[in-house]
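Visitor: quick check, what structure comes out for this input:
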Amino acid sequence: MPVRPDGALPADSHVHSEWSWDAPYGSMVRSCERAQALGIPAIAFTEHVDHDAWRIAMDELEPDDHLARLSRDGLLHPPPLDAEGYLAAVAECRSRFPGLTILTGVELGEPHRHPQQVAAVLATGDFDRRLGSLHALLDGDEYAEPPGLFPHRDAHDVMVDYLRETTALAGSDAPFDILAHIDYPVRNWPVAAGHFDPADFEEHFREALRALAGSGRALELNTRVPLHHAILRWWRDVGGDAISFGSDAHTPEAVANGFADAVELAQAHGFRAGRTAYDVWTLAPGQAVGSTPDSL
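Guide: Below is the predicted model of the structure:
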């Protein structure tokens, strides 16, 4: 079992390769090369597993856009994960990069809605990292992601609905260990809605975080958009004691982006690295769960 060297950056526990349907420029091999170049001790390829079809603006896509090829009748239909091919690719990279800890993984989209389908996927092999994520919300008779909701719905209401559904996901018995991107709608926050302030949604964030803490799962610091420090503080306040780091990279160049700032944030809130290269980070000895350092 590889032991973390002092001062090493954390594992990137949320990376997509060419085996994810939305990563046409992904590359497992080049992502491993990138991780080695950065000194990342471990990388988890958490490929998409989605079962909902959601509305997409077809008129905004170029004819050769990979999403257009996956869409029909105005709905995006994510294809299934080729688990056999994916696991074979991981085995090949493990052989090719013996000094890098390479973890298998899946990002389970809305797993609380699709328990049987998810169970079937997980039965195809061993997956070291199981992320639970929420991408699409019900909008009338169809599902849509935040970019498809903001044009005709109030941004505040979208965020509240997202966090309420996240609470349902976090409190479910779905088979995941880490909640991904709790602030997902912020990625496409509309300019017309003004500056995003998590304090406007504190009650709803706390509700989702409380459900997650009660489940014993970890919270992801997704660096695609830097997590606001208040959200991590609330995580501690409600009893959250474990975090992971994820770049949500869909290209090799994005592996571990923003990790230096994320590590600084985590350390400021009392989280420290585990013993191995791939452990989640937990509260440092002497840091009480549910108690935020006075300096924050």
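Visitor: measure how far the helix or strand of the chain with the lowest mean pLDDT is from the centre of its chain, please.
Guide: Ranked by mean pLDDT, DSSP states H and E, the weakest helix or strand in the chain is helix 66-69, scoring a mean of 76. Offset of helix 66-69 from its chain centre (Cα atoms, centre = their mean, to the nearest Å): 23 Å.
Visitor: number of nearby residues for residue 80?
Guide: Residue 80 has 13 neighbouring residues, counting by other Cβ atoms under 10 Å. Backbone N, C-alpha and C define where each C-beta goes, glycine included.
Visitor: ugh, wrong one, residue 149
Guide: Around residue 149 there are 23 other residues, counting by other Cβ under 10 Å.
Visitor: ok, it to residue 165 distance?
Guide: Taking Cβ to Cβ, to the nearest Å as the measure, residue 149 falls 12 Å from residue 165.
Visitor: which neighbours do these two share?
Guide: Applying Cβ atoms under 8 Å, 6 or more residues apart in numbering, one finds that residue 149 and residue 165 are jointly contacted by residue 137.
Visitor: phi, psi of residue 40?
Guide: Main-chain dihedrals, residue 40, degrees, to the nearest 10: phi -70, psi 130.
Visitor: please name the residues that touch it.
Guide: Residue 40 is in contact with 8-12, 100, 255-256, 259, counting by Cβ under 8 Å, 6+ apart.
Visitor: OK, contacts around residue 102?
Guide: Applying Cβ under 8 Å, 6+ apart, the residues near residue 102 are 32, 42-45, 90, 93-94.
Visitor: point to the residue nearest the middle of the chain.
Guide: residue 180 (3.0 Å; Cα atoms, centre = their mean).
Visitor: now that one: closest residue in space, sequence neighbours ignored.
Guide: Leaving aside its chain neighbours, residue 180 sits nearest to residue 133 (4.0 Å; criterion: Cβ to Cβ, 6 or more residues apart in numbering).
Visitor: residues in a beta bridge with that neighbour, which ones?
Guide: On the basis of DSSP bridges, residue 133 takes part in beta bridges with residue 109.
Visitor: for it, give me the pLDDT.
Guide: Note on residue 133: pLDDT of 98.
Visitor: what sits against it?
Guide: If you count contacts by Cβ under 8 Å, 6+ apart, then residue 133 has 107-110, 179-181, 184 around it.
Visitor: go again using 6 Å as the cut-off
Guide: Residues counted as contacts of residue 133 (Cβ atoms under 6 Å, 6 or more residues apart in numbering) are 107, 109, 180.
Visitor: likewise residue 11?
Guide: Applying Cβ under 6 Å, 6+ apart, the residues contacting residue 11 are 42, 277-278.
Visitor: what about the longest helix in this protein?
Guide: Assignment by DSSP state H gives helix 155-170 as the longest helix of the chain.
Visitor: which helix or strand lies directly C-terminal to that helix?
Guide: Next helix or strand after helix 155-170 toward the C-terminus (DSSP states H and E): strand 178-179.
Visitor: right, and the helix or strand after that following strand?
Guide: Next in sequence after strand 178-179, counting helices and strands by DSSP H and E, comes helix 202-215.
Visitor: tell me the strands beside the next helix or strand after that next one, with direction?
Guide: For helix 202-215, the following helix or strand on the C-terminal side (DSSP H and E) is strand 218-222. Strand pairing for strand 218-222, determined by DSSP bridges: strand 178-179 (parallel), strand 242-246 (parallel).
Visitor: next secondary structure after strand 218-222?
Guide: Next in sequence after strand 218-222, counting helices and strands by DSSP H and E, comes helix 229-237.
Visitor: by contact count, what packs against that next one?
Guide: helix 202-215 (3 or more Cβ pairs under 6 Å, 6 or more residues apart in numbering; DSSP states H and E).
Visitor: show the average pLDDT along the helix it packs on.
Guide: Taken as a whole, helix 202-215 carries a mean pLDDT of 98.
Visitor: which regions of the stretch 51-200 of the chain sit below the pLDDT cut-off?
Guide: 57-64 (pLDDT under 70).
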